[in-house]
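Participant: Provided below for reference: sequence and predicted model.
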Amino acid sequence: MKTIKYLAMAAIVLSTATSCEKTLEPYSNPDCYLNFRFIDSEGNDYQNEDIAKIPSIASTPILYNFKTHGNVQSDTVWIDAKTAGFVKDYDRSYDLEQIQIEGAQNAVPGIDYVAFDSQEAKNAQVVKAGETLFKVPVIVLRSSTLQTKDVTLRVRFKENKNFKNGFTMMQERTISFTDRLSKPTVWDQCGLDDIFGEYGDVKYQLMIDWSGKPWSDEFILENYNKDKAYLSYMAQVFQKRLEEENETRQAEGLDIWREVDGTPIIFKPLPKE
Amino acid sequence: MKKQILSIVITGLLAISLSSCYRDSSSLGDPDSVPTIDIAEMPEQSIVSYKGNHLQITPEIHSVYNDSQLQYTWYLYIDKEHDEAGFRKNIIGTERNLDYEVNLSSGLYVVCLEVKVKETGLAQYARTNLSVSTEFSDGFYILKQTEEGNTDIDLSTEIGMSTDILQKLTGEHLQGDPVSLAMVYQQNYVNPDKNEMEMTNMLNIFTTQEYRGYRTEDMRLIFDQKSICYAGEDNDDVYYNMTNAYNIGFMLSKKGISSMAMKGAGSLSTGKFTLPSFEDNITKHVQLCSGGQRGIAYWSKVLHGVRNIDMGGVNMSDVSCDSTGVQECIASGVNRKSAAVETVWFLTEEPETGKRFLHIINGKLAQLIEIRELNPDLHISKATCVGACGGSAAYIYAVDGGKLYAYGWESDSEVEVPLPGLSEPVSFVTNQWLSLMFGDKHLNYDNLIVGIQNGNNYTLYFYNNLVGGVPTENAYRITSGTGKIHSIRRCTPSIISNLVITMGPRSPMPIFPTSE
């Protein structure tokens, strides 16, 4: 009896040293989902759990300023997004909706932006055949409201016949847009006081007008990261133009270019103490 | 009892059934008879690329295996520290003897032979260095004035001369009198083949009317006076010289001095310069102070003296000043007796009186030592051509009356420099050198080059093995061409990273000459 017990125990122990294979079932979920993409400075996507830990990743708005885009009356803000699920060999439409934010100047469809249910917007809200990564177009309008206020538009994917909502933290993006001059958020980050001198609204507007460039965050960052010397060159160009215009203005009995507080404008860094 | 024995036996059988052992009967199992493969050391190789040249290596291999049992693989890679894909990425041969046509960018490569036993996988390796240069990437560029008064360049290499290169490339000589020739290592630019920012060794040619920057790898035109500056077509400046040192490049022009960060592979730029940040009346004469650690010293026609711009390209200061306000700079140079003692000098002349002065500057501190009026009886006071001695002696070479002299500023005296194997009157002198402490040190050289001008024909004598600034043997190379010699710059295929340039201050010699 004991022998049989020992043999049985040995057999049980030995059996644990064996294994077996199970045939895996292929993915078969027919549902497809949509998520906005949140991309870090190195081009990598944040995951849902990253955003859950740091909600500001998702809540930080995309900024757009008409003042840095010339005389356009409307423009498209493109937002990175991606599908989840099977890739299709035909175009698939998706829907968007606006989420109202309490206490904010919420954008008004048809006035501040092209309504998502308009034909114009629907024509663009398409995931092309074979696409997984795509860009969501939001057409912002240069309304009179923007001249005095910053307007906020929170966009969310809306389920339709083609797509369901994906990860909870990746369903909404916020756009904040305006038509008022404001200091670029990257001005200090890029140390532009050391190139163009201290920031001023009038100086900033002159930079945009004299160069025809937007001098938006994107424009500044691209040149700062890839060709910083170009920024130094532009400071020289602006200073030369400033000297010429000041001379002309004085000859015409006008004051030189100044900021609103009377500070003379100069495109040179202040000497360090 | 029987049951106990039976239990023990069964348990033992179950236990040992989980283990096993094999007798090692392989040929490698016997430590006393491991067959070896011995590959004799392969000599280092050098070759010119894109010329149909073949790298041929016949390795000396000793082994118990015959050829049919062995597999041969030749690999080529750049220093494995930079090749993330591993050395096996690039196979250049699979036969015992290598025969490989070289069409590679210039640089230092490693050739690796792997000899493997097919049956067992036992392998042995041997490596050797391969130095690759292109036709244009390794040689002495000679800037000359053509008979019509324009500018062109010849190239003297180990295999011969290439003449009138610009005319052959573009159909015509460069307009204007020659002003200077600047060899800038690892100059930033946008590679037109890839539309990416890169570094390359660039030959910058300056005339009274034009500027051109050529990539020495293939003599492709990269910059001209419109594209070198952000001002583009609106640029009306005239350029005189360029140099790079200590993370920054300087461009000298009629309107002043521009600077641009050149920090190496980790921080590339388009290579374009801004408008001058220091307005001045400039000449081509510029020297690095302490390898660029103290910035540059240059001759200012506004000051009639030497000015210094610091290594950041931010601050300018006066170093020496001609109180009479009439001196003109006719030559400049740098000498380093040791890593700690560097002298930068500017030779000037009063046009009306012919008096000559030597502005002697402590290069390590960018500070004036002395403005010395030279004795008019000295040969340097009458020299028709002057050249710096970089490091083999504290001399300034001077050509006077067809002979070569060396002026020592420390003793304020001169000696005649004998030129073995040369009896004709000389008219040109330059000392060209490369002195690297790291990297491609095998490319270091120190040449005294002397020229003879006969009408529109020149002959150059290249001397090495200098002792105290004086050649000890006959010229190792004699080459001839047409035109009037103006200046010479050596181009090597070296990748002189900015780290090496920044380490220049500690080198016993300046890394390379920048101006005459």
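Facilitator: Cool, got the structure.
Participant: burial of the residue of chain A found nearest chain B, as a residue count?
Facilitator: Closest to chain B within chain A is residue A:233: 4.0 Å, counting by Cβ to the nearest Cβ. Glycine gets a C-beta too; all of them are placed from N, C-alpha and C. Per other Cβ atoms under 10 Å in any protein chain shown, the neighbour tally for residue A:233 reads 22.
Participant: Three-state assignment for it, please.
Facilitator: helix (DSSP: H, G, I helix; E, B strand; the rest coil).
Participant: distance check, it against residue A:3.
Facilitator: For residue A:233, the distance to residue A:3 (Cβ to Cβ, to the nearest Å) stands at 94 Å.
Participant: what residues of stretch A:194-206 count as buried?
Facilitator: Residues of stretch A:194-206 classed as buried: A:195-197, A:200, A:203-204, A:206 (neighbour count, 16 or more other Cβ atoms under 10 Å in any protein chain shown).
Participant: in CSV, list the C-alpha atoms belonging to that stretch.
Facilitator: What follows is stretch A:194-206, C-alpha atoms only, in CSV (Å, rounded to 0.1, in the frame of the first residue of the first chain):
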residue,chain,number,x,y,z
ASP,A,194,18.6,86.6,-25.1
ILE,A,195,18.1,86.8,-28.9
PHE,A,196,15.3,89.3,-29.5
GLY,A,197,15.4,91.3,-26.2
GLU,A,198,12.7,91.4,-23.7
TYR,A,199,9.3,90.3,-24.9
GLY,A,200,6.6,92.9,-25.7
ASP,A,201,3.3,92.7,-27.5
VAL,A,202,4.1,95.5,-29.9
LYS,A,203,7.5,93.9,-30.6
TYR,A,204,5.9,90.5,-31.2
GLN,A,205,3.4,92.0,-33.6
LEU,A,206,6.2,93.7,-35.5
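Participant: tell me the contacts of residue B:466?
Facilitator: B:392-393, B:446-448, B:472 (Cβ atoms under 8 Å, 6 or more residues apart in numbering or on different chains).
Participant: next, the buried residues of stretch A:66-76.
Facilitator: Buried residues in stretch A:66-76, counting neighbours by 16+ other Cβ under 10 Å, are found at A:66-68.
Participant: next one: stretch B:427-446
Facilitator: Quick answer for stretch B:427-446 (16+ other Cβ under 10 Å): B:427-436, B:440, B:443, B:446.
Participant: ok, stretch B:396-403 next?
Facilitator: Neighbour count says stretch B:396-403 has B:396-400 buried, by 16+ other Cβ under 10 Å.
Participant: show me what contacts residue 159?
Facilitator: Using chain A. Applying Cβ under 8 Å, 6+ apart, we find residue A:159 in contact with A:95, A:165.
Participant: looking at chain B here, not the other one
Facilitator: With Cβ under 8 Å, 6+ apart, residue B:159 has these contacts: residue B:48.
Participant: which stretches in the stretch 1-150 of chain A count as strands?
Facilitator: A:33-36, A:62-65, A:74-84, A:92-93, A:95-99, A:126-127, A:133-141 (DSSP state E, counting those that start in this stretch).
Participant: what of the stretch 301-450 of chain B?
Facilitator: B:305-309, B:316-321, B:328-338, B:341-349, B:356-362, B:367-373, B:385-388, B:396-400, B:403-408, B:413-416, B:428-434, B:445-454.
Participant: count of neighbours near residue A:253?
Facilitator: The number of residues packed around residue A:253, counting by other Cβ under 10 Å, is 6.
Participant: repeat that for the one 3 residues further on.
Facilitator: Neighbour count for residue A:256, taken as other Cβ under 10 Å: 14.
Participant: so the nearest residue to it once chain neighbours are set aside: helix, strand or coil?
Facilitator: Of all residues not flanking residue A:256 in the chain, residue A:246 sits nearest, at 4.2 Å (Cβ to Cβ, 6 or more residues apart in numbering or on different chains). Recorded secondary structure, residue A:246: helix (three-state DSSP).
Participant: any idea how far residue A:246 is from residue A:254?
Facilitator: 9 Å.
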